[in-house]
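**Q** below are the sequence and a predicted model; questions follow.
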2 protein chains.
Amino acid sequence: MMGKIACANVLSDLYAMGVTECDNMLMLLGVSTKMTEKERDVVIPLIMRGFKDSALEAGTSVTGGQTVVNPWCTIGGVASTVCQPNEYIVPDNAVVGDVLVLTKPLGTQVAVNAHQWLDQPERWNRIKLVVSEEDVRKAYHRAMDSMARLNRIASRLMHKYNAHGATDVTGFGLLGHAQTLASHQKNEVSFVIHNLPVIAKMAAVAKACGNMFQLLQGHSAETSGGLLICLPREQAAAYCKDIEKQEGYQAWIIGIVEKGNRTARIIDKPRVIEVPTKE
Amino acid sequence: MMGKIACANVLSDLYAMGVTECDNMLMLLGVSTKMTEKERDVVIPLIMRGFKDSALEAGTSVTGGQTVVNPWCTIGGVASTVCQPNEYIVPDNAVVGDVLVLTKPLGTQVAVNAHQWLDQPERWNRIKLVVSEEDVRKAYHRAMDSMARLNRIASRLMHKYNAHGATDVTGFGLLGHAQTLASHQKNEVSFVIHNLPVIAKMAAVAKACGNMFQLLQGHSAETSGGLLICLPREQAAAYCKDIEKQEGYQAWIIGIVEKGNRTARIIDKPRVIEVPTKE
């Protein structure tokens, strides 16, 4: 799963540009110096297989890369492609009246942490009033599914519905990436975010942890998050419907593009959309 | 210097294919969790500048990448280019009668280690009979110069002198990379290496360390080593002369291509060429 997530995360940068075909991937692997030989021989091939399987699913392949030893186990890579101007979407064309669509729920970091805390009584005690073990396990699996899912269909549909630009949502959180996207716009626009789709119960967990995650402030890091897309208002609903039909996962209209000075913000009391975990 | 070496090392894979123009570079940086904030703020910008300076020297630029935290400080990157078939040299065309040219001396790993041992009396005692402090410092600086030097001119001259293929010499040592190159040949050839150019005194240091480095067996890892090139016999001397004229650094004819089963070996008692360190 770690390999699949890494691969989806690497490809996501191309998908955010509307590039749906990847010519070539490299895999960068750090094998932990703390693993026993046996752990290494079991874990590393699984990670490599996950990465390669996802590349295959994306219609590309891993032709090289590098493996090093490192204290931490790490996995990453490079995705590259050569394409024509009509095959990518420069993310600078948002106009007043556009809406913002997000294609994966927030809260992956919260879910992964909460799941680790199941074995840490001191941590667990801080959140057990707002969430059950079962909730956390479900949220964790939802997060895994979400992180391993490619943004490829989301990217393909950007062309179909005339997207004006997009970014993927990863380490800087929803607002961090929204701000970067806003700052690169040609037009004098700003992004205002009203809705936060969050994996079920993870908003409550984040709140119970005080300022630690800053999830509702838009700063919680996501791993292999969804695309945040500027779409013409009249196309957005159809975009969301189409992606749900093709993938079985929802996308959400989370904000609007208004006249402004190329910044992004989340309104004071955003609506939190609890995104259900599957059985 | 660490950044320059990393950049030269990354580009080296293109240069080994005879590709002299790099379209785009990414920098991958791991900032050590063990650095103080002050160390970090001094060291990391220097590394980044070194990397970018070398990219500039190579006529390319760093357009992106990623920075992560990691227990160890790490630096690496990606070099990519799109080119025509006449711009690269597929390294599979060695023919009987070719000679093997090496464009940088061996012994970078030995020199870097010996230099660290200046502060470790127990280690230093093992080599002080064969080498002086001054020797080690000079060897270290020669290794730094060598590792930071781009293989770009070496690559350009491959075209001028009709090279039949090349590899760069890095982590698997001279013989490791020679064997890989030999195994990919179209013709039934083998590589025989007679001469080992080694940074002055480092062969003696390696010997004094017993089996640790395996330098004279061809297994000592090199960082950002030179190109090992198959050249038509009548062109090799001119190649070496030309590179020395352009760069001020020697290259050496180190072996021959003979009929064989696509393997590489070093003869029993290879001649060690002591490569002088500069004042």
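**A** Yep, it's here.
**Q** so who does A:Pro105 touch?
**A** A:142, A:146, A:197-199, A:226, A:273, A:275 (Cβ atoms under 8 Å, 6 or more residues apart in numbering or on different chains). C-beta: built from backbone N, CA, C; applies to glycine.
**Q** can you tell me which of those residues has the most neighbours?
**A** Neighbour counts for the contacts of A:Pro105 were taken using other Cβ atoms under 10 Å in any protein chain shown; the highest belongs to A:Gly226, which has 29 neighbours.
**Q** so who does that residue touch?
**A** Applying Cβ under 8 Å, 6+ apart to A:Gly226 gives the contacts A:102-105, A:146, A:151, A:154, A:168-169, A:251.
**Q** of those residues, closest to chain B?
**A** When these are ranked by distance to chain B (Cβ to the nearest Cβ), A:Asp168 comes first, at 13.0 Å.
**Q** that closest one touches A:Leu14, doesn't it?
**A** No: contact between A:Asp168 and A:Leu14 fails when scored by Cβ atoms under 8 Å: they sit 9.5 Å apart.
**Q** what's the closest non-adjacent residue to the residue in chain A positioned nearest to chain B?
**A** Scanning chain A for the residue nearest chain B gives A:Pro71, at 3.8 Å (criterion: Cβ to the nearest Cβ). Ranked by Cβ to Cβ, 6 or more residues apart in numbering or on different chains and with sequence neighbours excluded, the top spatial neighbour of A:Pro71 is B:Pro71, at 3.8 Å.
**Q** what's around that neighbour, how many residues?
**A** B:Pro71: 15 neighbours (other Cβ under 10 Å).
**Q** again with the one 5 residues further on
**A** For B:Gly76, the number of neighbouring residues by other Cβ under 10 Å comes to 18.
**Q** who does it bridge with?
**A** Beta-bridge pairing of B:Gly76, defined through DSSP bridges, involves B:Leu28.
**Q** wait, it touches B:Val10, no?
**A** Yes: with contacts counted by Cβ under 8 Å, B:Gly76 reaches B:Val10, the gap being 6.5 Å.
**Q** angles on the backbone of A:His219, please.
**A** Note on A:His219: backbone dihedrals following degrees, to the nearest 10 are phi -110, psi 0.
**Q** contacting residues for it?
**A** Taking Cβ under 8 Å, 6+ apart, one finds A:172-173, A:175-176, A:213 in contact with A:His219.
**Q** who in chain A is up against chain B?
**A** Proximity of chain A to chain B is assessed by Cβ under 8 Å from any Cβ of the partner chain, with A:26, A:28, A:66, A:68, A:70-72, A:74, A:76, A:78, A:80, A:82 identified as the residues in range.
**Q** now, of these, which are buried?
**A** A:26, A:28, A:66, A:70, A:72, A:74, A:76, A:78, A:80 (16 or more other Cβ atoms under 10 Å in any protein chain shown).
**Q** ramachandran coordinates for the fourth one?
**A** Just to be clear, that refers to A:Asn70. phi -160, psi 150.
**Q** contact partners for the residue nearest to A:Pro71?
**A** A:70-72, B:32-34.
**Q** the helices in the stretch 51-200 of chain A, which residues?
**A** Along the stretch 51-200 of chain A, the stretches classed as helices by DSSP state H, counting those that start in this stretch are A:108-117, A:121-127, A:133-148, A:152-160, A:173-183.
**Q** right, and these - which one's nearest B:Ile267?
**A** Each of these was scored for nearness to B:Ile267 using Cβ to Cβ, and the closest is helix A:133-148 (52.4 Å).
**Q** average pLDDT across stretch A:123-137?
**A** Here stretch A:123-137 scores 92 as its mean pLDDT.
**Q** make that stretch A:263-275, sorry
**A** Rounded mean pLDDT across stretch A:263-275 is 96.
**Q** before we move on, what about stretch A:64-79?
**A** Average pLDDT, stretch A:64-79: 93.
**Q** using PDB, list the CA coordinates for it.
**A** Listed next in PDB are the C-alpha coordinates belonging to stretch A:64-79 (Å, rounded to 0.1, in the frame of the first residue of the first chain):
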ATOM      1  CA  GLY A  64      14.800   3.000 -13.500                       C
ATOM      2  CA  GLY A  65      15.500   4.900 -10.300                       C
ATOM      3  CA  GLN A  66      17.800   4.500  -7.400                       C
ATOM      4  CA  THR A  67      17.900   2.600  -4.100                       C
ATOM      5  CA  VAL A  68      19.900   3.800  -1.100                       C
ATOM      6  CA  VAL A  69      20.200   2.900   2.500                       C
ATOM      7  CA  ASN A  70      18.800   5.400   5.000                       C
ATOM      8  CA  PRO A  71      17.800   5.400   8.600                       C
ATOM      9  CA  TRP A  72      14.200   5.800   7.600                       C
ATOM     10  CA  CYS A  73      12.400   3.700   5.000                       C
ATOM     11  CA  THR A  74      11.500   6.100   2.200                       C
ATOM     12  CA  ILE A  75       9.700   5.800  -1.100                       C
ATOM     13  CA  GLY A  76       9.200   8.300  -3.800                       C
ATOM     14  CA  GLY A  77       9.800   8.800  -7.500                       C
ATOM     15  CA  VAL A  78       9.700  10.900 -10.600                       C
ATOM     16  CA  ALA A  79       7.100  11.000 -13.300                       C
END
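**Q** how far does it sit from its chain's centre?
**A** When C-alpha coordinates are averaged (Cα atoms, centre = their mean, to the nearest Å), stretch A:64-79 and its chain have centres 20 Å apart.
**Q** what of stretch A:194-201?
**A** When distances are taken as Cα atoms, centre = their mean, stretch A:194-201 is centred 13 Å away from the chain's centroid.
**Q** surely A:Asn195 is in contact with A:Ile254?
**A** Yes: contact criterion Cβ under 8 Å: A:Asn195 and A:Ile254 qualify, at 4.4 Å.
**Q** so for the two, which sits in the more crowded spot?
**A** Counting neighbours by other Cβ under 10 Å for A:Asn195 and for A:Ile254 shows that A:Ile254 has the greater number, 24 against 17.
**Q** ok, back up a step: for the residues of chain A next to chain B, which one is nearest B:Glu244?
**A** Of all the residues of chain A next to chain B, the one sitting nearest B:Glu244 is A:Gln66; the distance, using Cβ to Cβ, is 31.6 Å.
**Q** tell me what that closest one is bridged to.
**A** Applying DSSP bridges to A:Gln66 yields these beta-bridge partners: A:Leu28.
**Q** so which residue is dead centre in chain A?
**A** Compute the mean C-alpha point of chain A, and by Cα atoms, centre = their mean the closest residue is A:Gly225, 0.3 Å away.
**Q** which secondary element of chain A has the worst mean pLDDT?
**A** Least confident helix or strand of chain A, by mean pLDDT, DSSP states H and E, is helix A:121-127 with a mean of 90.
**Q** tell me the strands beside the helix or strand hosting A:Asp268, with direction?
**A** Using DSSP states H and E, A:Asp268 sits within strand A:264-275. Strand A:264-275 has the following sheet partners, assigned by DSSP bridges: strand A:189-199 (parallel).
**Q** can I get the partner strand in CSV? Just the C-alpha atoms.
**A** Output of strand A:189-199 as CSV, limited to C-alpha atoms (Å, rounded to 0.1, in the frame of the first residue of the first chain):
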residue,chain,number,x,y,z
VAL,A,189,-9.1,36.7,-8.4
SER,A,190,-9.3,35.2,-5.0
PHE,A,191,-10.4,31.8,-3.7
VAL,A,192,-12.9,31.5,-0.9
ILE,A,193,-13.5,28.1,0.6
HIS,A,194,-16.8,27.4,2.3
ASN,A,195,-17.0,23.6,2.6
LEU,A,196,-14.5,21.1,4.0
PRO,A,197,-15.1,17.5,3.1
VAL,A,198,-13.4,15.4,5.8
ILE,A,199,-13.1,11.7,6.3
